[in-house]
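can't give you the sequence, but here's the structure:
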């Protein structure tokens, strides 16, 4: 940023070349979202993201749900008695900093996107007395207000499809193994331990409890979504490493296919 010595980094040291929104999503380009979020500002970010349920309880049939934090200028002034600084938006723009969320909020937001902006409140279904119960609880209660091109919803879904099935996608290794349908998704990495300027993140030296958390959100089939999932593995290091878990869930739901059983543990060597 002009007048600031702090450097905001990207995972790809050599850079991504010329980047548009599609490529930024497919390749998970942080630098694109640094610039986009800086132009957007925290209050416009807040007002848009609250349409997807961030910063509020989803209303699921559970107790003790958390609203997490969707920051704004007013939130920081009231909560921390401090002004908002421009540089803080860089971290917020990639889902870090003051911006926090729950897996359930992400699942709902993913479902809203997959449904073209139609909001669906999550519920727990224990039993159904008729075959229409599932359809009834999944009815949309409202649509996200969006004044842009309605085709933008499909463009976002296609970008997420290419995360898994397109060249350069961060989850393409999982996409090669998908059969019978196509899935769409987005990998994510949540930083656990801060890194000093000029220092390099080294998994071998920081210790396992400080490894990054691994996220994956997704839906399938990509062209006619039926199910949305969120996978979080604490200290899982990379979102691409947990995408296979989402694929296993999709395989079971769409194909009735169970993953292979885990290998039996290796017997420990005897001291005798």
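Looks like it arrived, so ask away. From a predicted model like this one, the values you see are computed outputs, not experimental measurements. Residues are numbered from 1 along each chain as shown.

And residue 130, what's its pLDDT?
Here, the pLDDT recorded for residue 130 equals 77.

measure it to residue 98 for me?
45 Å (CB to CB, to the nearest Å). All C-beta spots, glycine's among them, are computed from the backbone N, C-alpha and C.

what's the answer for residue 23, then?
27 Å.

what do you get for residue 241?
For residue 241 relative to residue 98 (CB to CB), the value is 27 Å.

Kindly report the same for residue 18.
31 Å.

do the same with residue 211
22 Å.

what does residue 157 give?
28 Å.

cool, residue 187 as well?
Taken as CB to CB, the span from residue 187 to residue 98 is 22 Å.

Tell me the secondary structure at residue 232.
Counting by DSSP: H, G, I helix; E, B strand; the rest coil, the backbone at residue 232 sits in strand.

That one and residue 213 touch, don't they?
Yes: assessed by CB atoms under 8 Å, residue 232 is found in contact with residue 213 at 6.5 Å.

can you count the residues close to residue 259?
12 (other CB atoms under 10 Å).

and it, what does it touch?
Taking CB atoms under 8 Å, 6 or more residues apart in numbering, we find residue 259 in contact with 248, 251-252.

Apply 7 Å and report the result again.
Listed by CB atoms under 7 Å, 6 or more residues apart in numbering, the contact partners of residue 259 are residue 248.

With residue 149 instead?
Contacts of residue 149 by CB under 7 Å, 6+ apart: none found.

Next: residue 132.
Residue 132 touches nothing, counting by CB under 7 Å, 6+ apart.

Would you mind measuring from it to residue 180?
27 Å.

Does residue 229 belong to a helix, a strand or coil?
strand.

Near it, how many other residues are there?
Around residue 229 there are 23 residues (other CB under 10 Å).

isn't residue 156 right up against residue 113?
Yes: counting by CB atoms under 7 Å, residue 156 touches residue 113, with 6.1 Å between them.

Neighbour count: these two, which is higher?
The neighbour count for residue 156 versus residue 113, taken as other CB under 10 Å, is higher for residue 113 (22 against 19).

and the helix or strand where the more buried one lies, what does it pack onto?
Residue 113 is located in helix 103-114, with elements delineated by DSSP states H and E. Helices and strands touching helix 103-114, by 3 or more CB pairs under 7 Å, 6 or more residues apart in numbering; DSSP states H and E, are strand 213-220, strand 227-233.

Of these, flag the one that's most buried.
Highest mean neighbour count among the helices and strands packed on helix 103-114 (mean count of other CB atoms under 10 Å): strand 213-220, with a mean of 25.
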